[in-house]
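**Student:** build me a model from this:
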Amino acid sequence: MKKLVSTKMGFFAIALVLFWLKTYLIYKVEFDLGVSGSMQEFLLFLNPLSSGLIFLGLALFAKGKKAGRNIIIIDAIMTFILYANVVYYRFNSDFITLAVMRQTENFGSLGGSIINLMQWTDLLYAVDIILLIVLFTKTKINWSAERLKFRKSVSVLLAGVIVFSINLGLAEADRPQLLERTFDRNYLVKYLGIYNFSIYDGIQSTKTSTQRVLADSDDVAVVANYTRSKYAEPNEELFGVGAGKNIIKIHLESFQSFLIDFELHGEEVTPFLNSLVSDQSQDFTYFDNFFHQTEQGKTADAELLMDTSLYGLPQGSAFSTKGDNTYQAFPAIIGQRQGYTNAIFHGDGKSFWNRDEVYKHMAIDEFYHEDFYDMSEVIGYGLKDKPFFEQSMPYLEEMEQPFYAHMMTLTHHHPYLIDEEDATIAPAETGDKSVDRYFQTARYLDESLEQFFNDLKESGLYEDSIIMIYGDHYGISDNHNRAMSEILGEEITPLKNAELQRVPFMIRIPGVDGQGTNHEYSGQIDVVPTMLHILGIDAKDYILFGTDMFSEGHKAYVPFRNGDFMTEEYSSINGIYYDNATKEVIEEPTEEMKEMKETVLYELGLSDKVLYGDLLRFYTPNEAWEPVDISEYFYVKDPLGDNEEE
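**Tutor:** Residues are numbered from 1 along each chain as shown. A predicted model of the protein is given here:
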């Protein structure tokens, strides 16, 4: 061993093998990549080798002992990249992209979540680096001061390129058009590895950043023709029934639909929400097959979907990376068409997700953020929900009517922290802290909603307001399948995990009887056209990828951001088709199913073109539309307390 590590090539070989095996081990232990079959398993094992040969091989060009030090430094950097993805994946079931890294303004609020996601056993992932340091320290005295022969260093890099070429060729054979269809990062990491994925992501990010420069009005014409062809005529009975009514939209953070009517320890977790969707309720219509469609932007993606009927980006958050785009958002439309005033209420920092900038482009008149609240009762990401709603009421009562008010809750957010005095239900007992506490913060959110509804009724706002309640994204990722399987009493298969992406959507329209439970398959992309029609504004003029959920012509398929989708009869998950009724795999998909897959991918691609190319700057919906002037909006609290624009 001493003789082996006394040479640069010997030390390099040991570092390479340790790096290779560690990366493969982490793939198996930390990531759920959906490996199927011997070919995919072989590629998963093979893909770290090319990265190791190329990146560690670069160190061999250095002189003498610098080569050994550089090998250790490069290994440490690559380990850090890998471990950062491990921590990120534990909550997001996703991998870090360059677009996410640009969202550094959000990281300051993530400290508690990151620490909660780290485990002491993670120290084992640094054992190989420690071993290399010890070996190098003990043997470096025997190292030659000369530079390794150039052809040997080049041969190592060439070997890395050859291994990568073989890897890519086999991957393309197993998954055709792998690099052309990049909606699912799981596939890229499974086939090419985390390091090659990171390089590819950087190339793609650079490519997309040039799309705005190259875009023109012809591009938006293609998009507009598609959305018009998808348009669904409004329901005649509901068209215009909400015109002139206030709109109160309540955002349920990290709230999944399985919580509705769910009992823990013999108690209803969300008794108030349950009462809104019960058979006895005559007010609300509850869509029980409504899905979130967010990606890496999570809450920000949900806001984008719910206010613009555009999909979030495949990497990063459009709020952060495309915050200066032209938007023709729901608040701007109803402000111009029907004189609505618009406000967003959120007990957090105004710059989180770049909100204080992107809201201007959406024509939000007022943004009530942490500067407007007494922040003495903070937990996790911001102000607790009960004081948030209580303190929001005076602002809400002062708004000029009709108004659009978006209320964003926070307490029910990973890692689901709750003070002892606020916990009114015992945690679950799976041993998974995130899952166990999830039900306690859900109960707290439910109680805060009941309090808010009582305050709305007392103020007189309830009767004359459309009230919309929705969940923004999942709260429990598939990294917690063991605990969720115990909670639900069934195996969490890929199809079941997709089904768990249901989030609540319920709506009350003054003067209109609720429908009870509506089983139509729909998603966040469908909310804007639905709301426009309720207000009596035809959605046909606007570029909207969703369709009216109350319309007979509603397009009842739900695309997910990674290219998967669900319909009432069948679903496509990770490239596999399932029968929703039997839960069995469909071995021979029909042409209709394949065409639906192509439609979903095409639709996602068109939405990406709108955002990457800022195409709405070329589009005028109708003669009444006026581009939003962002200079008219200010989100700073007046020191005198009247908050008038300056």
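**Student:** from the centre of this protein, point out the most distant residue.
**Tutor:** Here the chain reaches farthest from its C-alpha mean at residue 142, the gap being 52.1 Å by Cα atoms, centre = their mean.
**Student:** was I right to think residue 156 contacts residue 12?
**Tutor:** Yes. Counting by Cβ atoms under 8 Å, residue 156 touches residue 12, with 7.5 Å between them. Using the backbone N, CA and C atoms, a C-beta is placed for each residue, glycine as well.
**Student:** okay, and the common contacts of the two?
**Tutor:** 57, 60 (Cβ atoms under 8 Å, 6 or more residues apart in numbering).
**Student:** helix, strand, or coil at residue 387?
**Tutor:** The assignment at residue 387 comes out as helix when based on DSSP: H, G, I helix; E, B strand; the rest coil.
**Student:** pull the CA atoms of stretch 396-407 into CSV?
**Tutor:** Extracted C-alpha coordinates of stretch 396-407, given in CSV (Å, rounded to 0.1, in the frame of the first residue of the first chain):
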residue,chain,number,x,y,z
LEU,A,396,-58.7,43.8,5.0
GLU,A,397,-61.6,45.9,6.4
GLU,A,398,-59.9,49.1,5.1
MET,A,399,-59.5,47.8,1.5
GLU,A,400,-61.6,49.6,-1.2
GLN,A,401,-64.2,47.2,-2.5
PRO,A,402,-64.4,45.1,-4.6
PHE,A,403,-61.1,43.7,-3.6
TYR,A,404,-58.9,40.7,-4.3
ALA,A,405,-57.1,39.6,-1.1
HIS,A,406,-54.6,36.8,-1.1
MET,A,407,-53.9,35.4,2.4
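**Student:** which residues touch residue 602?
**Tutor:** By Cβ under 8 Å, 6+ apart, residue 602 lies in contact with residue 226.
**Student:** list the buried residues of the helix or strand where it lies.
**Tutor:** Element membership of residue 602 [criterion: DSSP states H and E] is helix 591-612. Buried residues in helix 591-612, counting neighbours by 16 or more other Cβ atoms under 10 Å, are found at 593, 596-597, 599-601, 603-604, 606-612.
**Student:** tally of neighbours for the closest residue to residue 411 other than its chain neighbours?
**Tutor:** Spatial nearest neighbour of residue 411, chain neighbours left out: residue 385 (4.5 Å); criterion: Cβ to Cβ, 6 or more residues apart in numbering. Under the neighbour criterion other Cβ atoms under 10 Å, residue 385 is assigned a count of 29.
**Student:** residue contacts, residue 385?
**Tutor:** 409, 410, 411, 412, 444, 445, 448.
**Student:** can you get me a residue count around the first one?
**Tutor:** Counted with other Cβ under 10 Å, the burial measure for residue 409 works out to 29 neighbours.
**Student:** list phi and psi for it.
**Tutor:** Taking degrees, to the nearest 10, you get phi -80, psi 170 for the backbone angles of residue 409.
**Student:** measure residue 290 to residue 508 for me?
**Tutor:** Look at residue 290 and residue 508: by Cβ to Cβ, to the nearest Å, they are 15 Å apart.
**Student:** and those two? which has more neighbours close in?
**Tutor:** Set side by side, residue 290 and residue 508 give different neighbour counts by other Cβ under 10 Å, the larger being at residue 290 (25 against 19).
**Student:** three-state assignment of residue 243?
**Tutor:** Per three-state DSSP, residue 243 ends up coil.
**Student:** wait, it touches residue 338, no?
**Tutor:** Yes. Under the criterion of Cβ under 8 Å, residue 243 makes contact with residue 338 at 6.7 Å.
**Student:** common neighbours of these two, please.
**Tutor:** The contact lists of residue 243 and residue 338 share residue 535, where a contact means Cβ under 8 Å, 6+ apart.
**Student:** quick revisit: which one of the contacts of residue 385 is nearest to residue 48?
**Tutor:** residue 412 (38.1 Å; Cβ to Cβ).
**Student:** that closest one touches residue 475, doesn't it?
**Tutor:** Yes. Contact criterion Cβ under 8 Å: residue 412 and residue 475 qualify, at 6.9 Å.
**Student:** joint contacts of those two?
**Tutor:** Common neighbours of residue 412 and residue 475 (criterion: Cβ under 8 Å, 6+ apart): 253, 254, 255, 438.
**Student:** just checking, which of those residues belong to strands?
**Tutor:** Among those, no member falls in strands (criterion: DSSP state E).
**Student:** JSON lines for the residues you listed, including pLDDT?
**Tutor:** As requested, those are exported to JSON lines (pLDDT from 0 to 100):
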{"residue": "253", "pLDDT": "97"}
{"residue": "254", "pLDDT": "96"}
{"residue": "255", "pLDDT": "98"}
{"residue": "438", "pLDDT": "97"}
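**Student:** quick check, nearest of the residues you listed to residue 163?
**Tutor:** Set against residue 163, the nearest of the shared contacts of residue 412 and residue 475 by Cβ to Cβ is residue 254 (41.4 Å).
**Student:** leaving out chain neighbours, which residue sits closest to residue 619?
**Tutor:** Leaving aside its sequence neighbours, residue 619 sits nearest to residue 220 (Cβ to Cβ, 6+ apart; 4.9 Å).
**Student:** which helices and strands sit right next to the strand or helix carrying that neighbour?
**Tutor:** Element membership of residue 220, judged by DSSP H and E, is helix 217-230. For helix 217-230, the elements it packs on are helix 591-612, judged by 3 or more Cβ pairs under 8 Å, 6 or more residues apart in numbering; DSSP states H and E.
**Student:** what about the helix it packs on, distance to the chain center?
**Tutor:** Put simply, helix 591-612 sits 18 Å off its chain's centre (Cα atoms, centre = their mean, to the nearest Å).
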